[in-house]
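Participant: Model the structure of this input:
(4 chains)
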There are 2 protein chains.
Amino acid sequence: MNQQLPNPLISYPEIMAARILLYDDNEALRWSMESLIADHEDLDLLAAMPDAQNLAADLLVFNPDVVLMDIDMPGINGVEAVRLIRQTNENLPVIMLTVFDDNENIFNAICAGASGYILKRYASEEIPAAIRNVMSGGAPMTGSVARKVLQMVPVAKSEEQENYNLSKRETELLQLLVNGFSYKMIGFELNISIDTVRSHIKKIYDKLHVHSATEAVSLAIKKRII
Amino acid sequence: MNQQLPNPLISYPEIMAARILLYDDNEALRWSMESLIADHEDLDLLAAMPDAQNLAADLLVFNPDVVLMDIDMPGINGVEAVRLIRQTNENLPVIMLTVFDDNENIFNAICAGASGYILKRYASEEIPAAIRNVMSGGAPMTGSVARKVLQMVPVAKSEEQENYNLSKRETELLQLLVNGFSYKMIGFELNISIDTVRSHIKKIYDKLHVHSATEAVSLAIKKRII
DNA sequence: TGGTCAATCGCATGATGATGTGGTTTTTAC
DNA sequence: GTAAAAACCACATCATCATGCGATTGACCA
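Facilitator: The predicted structure follows:
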């Protein structure tokens, strides 16, 4: 380990400062972020790049603690850039900056491995706190984004988490149905007659209020009955 | 409507203050929250209840702007309480307070309809901001919780997001299949012959490498092709 | 100890699905 | 401007599904 014992009699503010690397194709925004970060002693902007063409090299050269990444960039866009970062660096915090908070954007960024998501219009107020937050293991998000992320969590058993009163065996059958098994295969798998399979599945349909295997599968997955 | 026009010459700070209702069975915590909130002019603690037995009545009596809800309470627990609130009030912000940040707790609370999730050990620092945040449409979460919520978002198409080269029309058909439509219904819906439906679906199966509707539906949902 | 229910099985029938072969028309792309 | 791809349709055949009506067994409960 690369442990260093700090001398308690001397303060090393620059050692503790969060080393930040910024990507944004908008020059005006790069400037404003630069002055914003300069206002904070515990933040240190290493560089502000207009694009992510040399992403891998940049990371090696600057070795940042945090990356601020614009989503809409020419060439390699922000989402793709995060994906690239995640291929080599599992833990480097990446905060996305964007003007849009539509579901598609957010979802893609999160799935790519972004650690936070800040709207540019709130950047000046939120960025310093967001950087500190993400450094300590958090996931800073502009309020509206956080709301949308919550809505992405599979609703599932939210309200009437009745499992539709499926019996253990019926749940088992449904599971196989979801896995794409035919009646014949289910019967073979469970060592029961195909007529028994029919019987079970009819009862499942009744309880689920559906009339076909596709409906049952769809419902089972969406409501997480399986 | 119960509108009142405020006199512009007089300031009414109490009118703007966030009206807060707190539920927690721990008396010490109720006290500390009381003094914490008292320190902020824009926050107003209406009442601190030890349990949620009279939840519905409490809401009518106090008509709060925000509810702070402990998760671990005897009788009606916090998650159940949120669910009850959501049955009558879709939009009332509810911030969960808890000592645990395990996935199960978070997931249940979010699914029940909680708007935020703050760990008690950070409450003194985070609660005032969280209340303001949630009032303006946000979803305040302690950093570690936010991280976990992100992980709950179905990863899905992250990696090899091949959409299996489905054409636009084929995706449309698949969507209907997922919704439980029969061939006949799909044909009617899209104004095409049932033979065309067959033709399309056969091609979909080929591209998805499946041989039945249930398999196709299952794959479509799990891989988020739809 | 009689009633309810889950699980099992059988049979029958009409509807729907899966697959193949072959064709026309329209769009898209180079 | 032509080749490829996508969208459309038809017919045929066998497999599978959806549904209904029974019926038997064992477990559990009041």
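Participant: okay, CA-based contacts and neighbour counts for the rest of this
Facilitator: Will do.
Participant: Residue A:218 reaches residue B:219, doesn't it?
Facilitator: No: using CA atoms under 8 Å, residue A:218 is not in contact with residue B:219, being 10.3 Å away.
Participant: and the longest helix along chain A with chain B, contact?
Facilitator: Longest helix of chain A, by residue count under DSSP state H: helix A:194-208. No: judged by CA under 8 Å from any CA of the partner chain, helix A:194-208 makes no contact with chain B; its nearest approach is 12.4 Å.
Participant: Quick one: mean pLDDT for that helix?
Facilitator: For helix A:194-208, the mean per-residue pLDDT is 94.
Participant: Now do the helix or strand just after that helix: distance to the chain's middle.
Facilitator: Counting by DSSP states H and E, the next helix or strand C-terminal to helix A:194-208 is helix A:213-222. Counting by CA atoms, centre = their mean, to the nearest Å, helix A:213-222 is centred 26 Å from the centre of its parent chain.
Participant: Are helix A:213-222 and DNA strand C in contact anywhere?
Facilitator: No: taking CA under 7 Å from any atom of the strand as the criterion, helix A:213-222 and DNA strand C are apart, separated by no less than 8.4 Å.
Participant: element containing the residue most central in space within chain A, please.
Facilitator: Closest residue to the average C-alpha location of chain A: residue A:110 at 2.6 Å, with CA atoms, centre = their mean. Counting by DSSP H and E, the element that carries residue A:110 is helix A:103-112.
Participant: right, and residue A:109 touches residue A:81 too?
Facilitator: No: taking contacts as CA under 8 Å, residue A:109 lies outside contact range of residue A:81: 9.9 Å.
Participant: any idea how far residue A:219 is from chain B?
Facilitator: Distance from residue A:219 to chain B, counting by CA to the nearest CA, to the nearest Å: 9 Å.
Participant: if we can go back for a sec, the longest helix of chain A: which residues count as buried?
Facilitator: Buried residues in helix A:194-208, defined by neighbour count with 16 or more other CA atoms under 10 Å in any protein chain shown: A:194, A:197, A:200-202, A:204-205, A:208.
Participant: Show me what that helix packs onto, helices and strands only.
Facilitator: helix A:168-178, helix A:183-190 (3 or more CA pairs under 8 Å, 6 or more residues apart in numbering or on different chains; DSSP states H and E).
Participant: neighbouring contacts of the longest one?
Facilitator: This points to helix A:168-178. Helix A:168-178 is contacted from outside by A:186, A:197, A:200-201, A:204, A:213, A:216-217, A:220-221, A:225-226, B:214-215, B:218, using CA atoms under 8 Å, 6 or more residues apart in numbering or on different chains.
Participant: wait, does that helix make contact with DNA strand C?
Facilitator: Yes: contact between helix A:168-178 and DNA strand C, assessed by CA under 7 Å from any atom of the strand, occurs at A:168-170.
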